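Engineer: The sequence and its predicted three-dimensional model are supplied below.
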Amino acid sequence: MGPIDEPQPNVDSVSPVSSPSPVEPPAFTESPAQTSAASEPTPTPTVTPERTADPAIAATVTIPADADASGGEWDLLKVKLQGLVNTDQLQSQWSQLKGLLRLLAGLIVLVIVLQIYGGILRAIDAVPLASGLFELAGVIWLANFSVRNLVRSGDRRKVVEDLARSWQRVVGG
């Protein structure tokens with residue numbers, strides 16, 4: 001048996017919950033064959049002491065809604081958003097975030113294009129002999145470009161200048 005809770009003297013107004021009544025065990029009826037065979041007395045059930053409810057748990061707290069209250073979180077949010085739209089802060093924030101949003105959109109588009117490009121390359125790689133043929137075509141193109149543009153020093157200088165000009169167009173300078 002566990003300890004029984006004692007009422008606490010520092011609790012002022014507590015409405016105790018009615019404790020459940022102890023459950024009586026069902027009465028056994030003996031058949032005539034059992035009474036003659038066993039004349040032993042039946043054990044009497046022991047009565048457990050009645051539990052008292054803990055006043056801290058038994059108490060219920062009810063907080064009524066305030067019908068006269070105005071505002072609330074939704075109204076505060078609406079007022080802040082209306083104030084933001086009505087002032088020039090929205091335009092200034094848009095101008096500040098415009099570059100960042102463009103960068104983010106560019107990154108998203110880049111990821112999508114790279115995924116599509118990777119899918120195409122995987123599909124080509126799944127075809128037998130395709131990757132080897134593309135490598136052979138690349139080697140042939142590189143040999144042809146080298147023979148035409150990299151053998152003489154004047155042609156090499158022109159290729160380097162064209163690359164430098166293209167790089168300056170890309171980085172802007």
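Structural biologist: Happy to help now that I have it. Everything numeric here is computed off the predicted structure, so don't read it as measured data.
Engineer: Could I get the phi/psi values of residue 127?
Structural biologist: With angles defined as degrees, to the nearest 10, residue 127 sits at phi -80, psi 130.
Engineer: Okay, it and residue 90: tell me how far apart.
Structural biologist: 54 Å (Cβ to Cβ, to the nearest Å). All C-beta spots, glycine's among them, are computed from the backbone N, C-alpha and C.
Engineer: go on, residue 170?
Structural biologist: Computed with Cβ to Cβ, the distance linking residue 170 and residue 90 is 35 Å.
Engineer: which of the two has more neighbours?
Structural biologist: Using other Cβ atoms under 10 Å as the criterion, residue 170 and residue 90 rank with residue 90 on top: 12 against 8.
Engineer: so after the host helix or strand of that one, what's the next helix or strand?
Structural biologist: Using DSSP states H and E, the element containing residue 90 is helix 89-126. Next along the chain after helix 89-126, taking DSSP H and E as the criterion, comes helix 130-149.
Engineer: What is that following helix packed up against?
Structural biologist: Using 3 or more Cβ pairs under 8 Å, 6 or more residues apart in numbering; DSSP states H and E as the contact test, the elements touching helix 130-149 are helix 89-126, helix 153-171.
Engineer: tell me the mean pLDDT for the shortest one?
Structural biologist: Meaning helix 153-171. Mean per-residue pLDDT for helix 153-171: 94.
Engineer: what about residue 131, how many neighbours?
Structural biologist: 13.
Engineer: My guess is it contacts residue 137. True?
Structural biologist: No. Assessed by Cβ atoms under 8 Å, residue 131 is found out of contact with residue 137, at 10.8 Å.
Engineer: hang on, the earlier thing: run through the neighbouring helices and strands of the helix holding residue 90.
Structural biologist: helix 130-149.
Engineer: Looking at the helices and strands packed on helix 130-149, which is nearest to residue 81?
Structural biologist: Taking Cβ to Cβ, helix 89-126 is the member of the helices and strands packed on helix 130-149 nearest to residue 81, at 9.8 Å.
Engineer: State the number of residues packed around residue 159.
Structural biologist: As a burial measure, residue 159 scores 14 neighbours (other Cβ under 10 Å).
Engineer: ok, back up a step: columns distance to residue 81 on top of the helices and strands packed on helix 130-149, output as a markdown table?
Structural biologist: Shown next, in a markdown table, are those (distance: least, Cβ to Cβ, whole Å):
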| stretch | distance to residue 81 |
| --- | --- |
| helix 89-126 | 10 |
| helix 153-171 | 41 |
